[in-house]
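J.: Pasting a predicted model and its sequence here:
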Amino acid sequence: MSELFKLNLNDFTKGLVIAILTGALTTIYSSFTSDCGVGCIDWKMVFNAGAGAGIAYLIKNYFSEDGKFAGIL
């Protein structure tokens, strides 16, 4: 686990995994909810969801120390 206001390689690796999993789940959800299946997936939405989740994970870790967000939670 990284220190407060620092990120390490493990944080980036886990952030990438979160981004990929979020993109995959968004793709699956989109294919189930659209009328034409995989052919109608909005790939920009999939990318944005994955990137947003990965960035959010990195922000959370940047402000976390010993598993506590901002030192309080």
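T.: Cool, the structure landed.

J.: Which residue, other than its chain neighbours, is closest to the residue nearest the centre of the chain?
T.: Nearest to the geometric centre of the chain sits Ala53, at 2.5 Å (Cα atoms, centre = their mean). Excluding its sequence neighbours, the residue lying closest to Ala53 (Cβ to Cβ, 6 or more residues apart in numbering) is Thr22, at 3.8 Å. For the C-beta atoms, the positions are set from N, CA and C on the backbone; glycine is no exception.

J.: Could you do Ser2 as well?
T.: Using Cβ to Cβ, 6+ apart, the nearest residue to Ser2 is Asn8, at 4.5 Å.

J.: quick revisit: now the residue nearest to the centre of the chain, what's its secondary structure?
T.: What DSSP: H, G, I helix; E, B strand; the rest coil gives for Ala53 is helix.

J.: ok, how many other residues are close to the residue nearest to Ser2?
T.: Residues contacting Asn8 under the criterion other Cβ atoms under 10 Å number 11.

J.: what's the burial count for Asn10?
T.: Around Asn10 there are 11 residues (other Cβ under 10 Å).

J.: Can you check the pLDDT for it?
T.: On pLDDT, Asn10 comes in at 95.
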